Structure formats: C-alpha cells, structure tokens
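Trainee: Got a predicted model here, sequence first, then my questions.
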Amino acid sequence: MRERLGGSAPLALPTLLWVTGASDWALHALCASGVLAALALILGRAPFLAAFAAWLAYLSLASVGDVFTSFQWDALLLESGLVALFAASPEPRLGVWLARALLFKLMFLSGAVKLFSGDPTWRDLSALSYHFWTQPLPTPPSALAAALPDALLRASTALTLALEVGAPWGMLGPRRLRLTSAALLTGLQLLIAATGNYGFFNLLTLVLCACLLDDTALARFSWLRRPGRSGRGRIPLRAAAAALGLASGIVGLERLTPAALFPNALRLVVAPLEPLRSVSSYGLFAVMTTERPEIAIEGSADGVTWRPYEFRWKPGTLEQAPRFAGPHMPRVDWQMWFAALGSCERELWFQRFLLRLLEGSPPVTGLLAKDPFAGEPPRYLRTTLWKYRFATGEEARAGAWWARSGGEPYCPIVTLRDGHLAVANELPR
C-alpha cells in the first residue's frame with residue numbers, strides 16, 4: 001500500500017500496524033489491547049477512552065484482514081463502536097438514539113433488500129425451504145428446521161419478512177409498541193442463532209435491541225443503570241451525532257436506491273468515511289442460494305493414496321454432525337463457503353491456503369480439525385467440488401447427516417515447486 005499510494009496510504013488503510021509493524025507479536029498485542037479496552041469499558045473506567053481504544057483496535061485489524069474481516073458483522077461492530085463513543089460521552093442519550101437508529105437500519109434493510117432484490121425464492125416464500133441447509137455453517141437444529149412441512153416453512157418466510165420490515169417501525173412509536181418491537185426482534189435473533197452460526201452477529205444485535213428498553217423496564221437490574229452525566233461541549237457532541245446519523249442514513253438509502261438514480265453528491269458526502277468501515281449498509285441473503293457446493297481438500301504423498309483434510313465447522317465427512325460455534329467466528333470455514341460459490345482462479349486467498357498446506361504451516365493446519373499428515377506435508381493437493389444436502393430417509397437412518405453428489409475438480413492438482421504453488425502436470429505412476 002505504501003508503494004502504491006505513498007504518503008496517503010495510512011489514510012486509505014487506517015491501522016495501528018503502520019506504527020508497530022505487522023509481526024505476529026504486533027497482531028497479538030493489538031488483540032490484547034482490544035480485550036483490555038473492553039474490560040475497562042465493562043468496569044466503567046475512563047469509558048470514552050476505553051470505547052475509543054476498543055474501536056481503534058478492531059479497525060486496525062479489520063483494515064488489514066481482507067476477506068477475513070469483511071463480514072457484515074465486522075462492519076456492524078465498528079459502527080456500534082462509534083455509537084458507543086456517544087453512549088460513553090457526557091451526553092449518553094445521543095448514544096441511545098444512535099443505537100436505535102442503527103438497529104432500525106440494520107433490521108429494515110435486512111428485510112427490504114430481500115424484497116427489492118427480485119429473488120424468486122423470497123417472492124414465492126420458498127426461501128427458508130433452502131436456507132437451513134444451504135447457509136454457510138448450519139447447526140444441529142438446522143436439520144430439524146429443514147425437515148418442517150413446506151407450508152410451515154413458507155409461513156416462516158413470510159413472518160421473517162414481516163418482522164424485518166415491519167417491527168423496526170415500532171421503535172418509533174410509544175413505549176408499549178417500542179417494547180413489543182424489542183421483544184419481536186429479540187425472538188427473531190434467538191431463532192437465527194439457534195439455526196445458524198453467525199459469530200457474534202446475533203449477540204451484537206441483541207445488545208442493540210437492549211437500547212430499546214428504558215429505566216422502568218430495567219428497574220429490577222439496578223446494576224445496569226448508571227447515573228446521568230453532564231459536561232461541556234454538548235453542541236459539538238450533538239453536531240457530531242447528527243453528522244454520524246446523516247451519514248448512516250445516506251449509506252442505508254443508497255442500498256435501496258438504483259445506482260443510476262442515487263445522487264452522486266450524496267456519495268461524495270460519505271466517501272471520506274469509507275476507510276473507517278464504520279458507516280455501512282446491511283442485508284444478508286438478499287439472493288438465496290438454492291444449492292450447497294462444498295470444496296473437499298485431499299493431500300497425497302505419492303499421487304496414488306489421498307487423505308482428506310477435515311475442517312472444524314464446515315461440512316466434510318457425511319457422518320459429521322453440524323456444531324455450534326458459539327460467539328466464535330470461524331472465518332476460514334465461512335470463506336470456504338464463499339469460495340465454493342466462486343472459482344479457483346478468483347479466490348486468491350484459497351490459493352495461498354493450499355500453498356501453506358503444502359508447506360505444512362502449523363498456524364494454518366492448526367485451523368483445521370486435524371492434520372492428516374501429522375506435520376509431514378503432502379506432495380500434492382487436489383480439490384473437489386461436491387453438492388451437499390441434509391441426509392434424509394435411509395441415509396439419515398444409517399447415521400449420515402449429509403448426502404452428496406457430483407464431484408468435479410475445483411482447482412487443478414497442485415504441488416510445491418521452488419517455493420511456489422504450481423500445477424502438477426503429471427503424477428507419478
């Protein structure tokens with residue numbers, strides 16, 4: 001970035017790693033500093049500085065994480081981090097209103113993009129007939145949900161759209177309607193968390209839902225309440241909050257407006273904020289996937305006998321049950337889902353992944369369930385694209401969670417040549 005952009009590189013890629021370097025030590029220190037800032041925030045020690053430090057630490061990681069830190073919940077955490085600065089300011093009500101506005105944008109866009117995308121599965125209410133088994137990382141209840149009657153799945157699709165599009169408007173109503181909206185959105189998030197692994201996304205959304213409550217609703221939890229604060233500088237604070245709210249609204253409006261109709265002047269208003277990754281638009285599964293391609297990776301020392309690499313979370317062997325990942329975000333497993341929807345030539349990170357497996361890199365093999373070569377890297381790797389679905393009937397009764405079909409090469413068979421990834425043109429006989 002420095003070679004490409006010169007002195008403006010730190011503005012385009014804001015990260016503390018410009019100062020510390022990008023060594024393993026610096027990355028661990030950056031994670032540790034974020035944890036310490038979060039602990040200080042929980043304990044109420046210098047809350048504004050702690051909130052700023054936590055936001056800056058995560059921004060520093062997200063800026064350099066490429067595809068691994070480009071998920072919508074990474075953007076949501078950063079935007080929530082900016083909102084937290086106002087909640088920790090001398091005028092915390094600003095933070096409450098900004099949090100409610102962020103929750104409104106998040107939930108309303110999540111439903112609106114599904115309706116506006118033109119995807120037929122949302123329009124004919126069949127989306128959830130596919131979702132539970134085609135989503136990136138299902139959970140054990142996903143198989144039960146996928147087996148529900150078609151009529152119930154269609155009704156659930158309609159209810160999901162109604163909640164995502166309709167419930168946010170209740171935030172703008174009187175207290176009882178606002179609390180009803182909070183309860184509905186909380187229930188939706190709990191159901192999503194039970195039937196899919198989305199890292200900390202659902203937990204973070206629940207935190208935003210909590211901002212719809214008031215002191216009366218929280219009266220029994222007196223330890224959650226803090227005395228009001230007052231201080232100087234309220235006009236600049238309110239101006240900054242208004243600017244953040246305006247920028248957030250512009251980005252959300254752009255997501256719902258055809259590109260040709262959106263005023264370029266509004267794009268120029270928010271363009272300087274793009275490097276901060278903290279004012280974003282949202283909306284998962286605007287277009288529903290109706291198949292589940294999966295990449296299987298196998299290694300061989302001789303080109304004859306092949307052994308599979310197993311992942312911790314994504315489907316592999318047919319008997320491997322889905323698992324709960326908890327608030328942990330299995331980023332490699334998630335990226336494998338995206339890679340299967342693309343092509344080997346375009347997934348540059350996947351090519352680097354194969355290179356590290358051929359090198360036997362311990363930090364990389366440590367991301368997997370196990371290393372089938374026990375520290376002695378293979379000579380060759382092959383990748384196969386399969387189509388998976390939840391097992392049913394005899395397959396399920398035999399103990400299989402998954403069934404698969406097809407099986408075609410994803411990448412050519414590769415090997416290590418002069419320290420680089422190379423196509424194995426001819427295997428030993």
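Mentor: Noted; the coordinates are in hand.
Trainee: The stretch 251-400 of the chain: helices as residue ranges?
Mentor: 264-270, 331-341, 348-359, 362-365, 393-397 (DSSP state H, counting those that start in this stretch).
Trainee: which SS class is Gly44?
Mentor: Classification of Gly44 by DSSP: H, G, I helix; E, B strand; the rest coil places it in coil.
Trainee: any residues touching stretch 196-215, and which ones?
Mentor: Contacts to stretch 196-215, defined as Cβ atoms under 8 Å, 6 or more residues apart in numbering, come from residues 71-73, 76-77, 80, 96, 99-100, 102-103, 106, 132, 135-139, 142, 171, 175, 178-179, 181-182, 185-186, 189-190, 192-193, 225, 313, 323-325, 327-330. In short, each C-beta sits where N, CA and C put it, glycine included.
Trainee: What's the local residue count around Phe324?
Mentor: 14 (other Cβ atoms under 10 Å).
Trainee: Look at the nearest residue to it once chain neighbours are set aside and say how many residues are nearby.
Mentor: In this structure, Phe324 finds its nearest non-sequential neighbour in Thr139, 5.4 Å apart by Cβ to Cβ, 6 or more residues apart in numbering. If you count neighbours by other Cβ under 10 Å, Thr139 ends up with 20.
Trainee: And Ala265, by the same measure?
Mentor: Residues within reach of Ala265, counting by other Cβ under 10 Å, total 7.
Trainee: separation between the nearest residue to Thr69 once chain neighbours are set aside and Thr290?
Mentor: Once flanking residues are discounted, Thr69 sits nearest to Ala62: 4.3 Å by Cβ to Cβ, 6+ apart. Ala62 sits 31 Å away from Thr290, taking Cβ to Cβ, to the nearest Å as the criterion.
Trainee: Give me the more crowded residue out of those two.
Mentor: Ala62 (22 against 14).
Trainee: Could you check the helix or strand that contains the more buried one and say which residues are buried?
Mentor: According to DSSP states H and E, Ala62 maps onto helix 47-64. Buried residues in helix 47-64, defined by neighbour count with 16 or more other Cβ atoms under 10 Å: 47, 50-64.
Trainee: what mean pLDDT does that helix have?
Mentor: Averaging pLDDT along helix 47-64 yields 96.
Trainee: so Val251 makes contact with Ser278?
Mentor: No - assessed by Cβ atoms under 8 Å, Val251 is found out of contact with Ser278, at 10.4 Å.
Trainee: helices or strands up against the helix holding Ala62?
Mentor: Counting contacts by 3 or more Cβ pairs under 8 Å, 6 or more residues apart in numbering; DSSP states H and E, helix 47-64 packs against helix 24-42, helix 72-87.
Trainee: Thanks a lot, see you next time.
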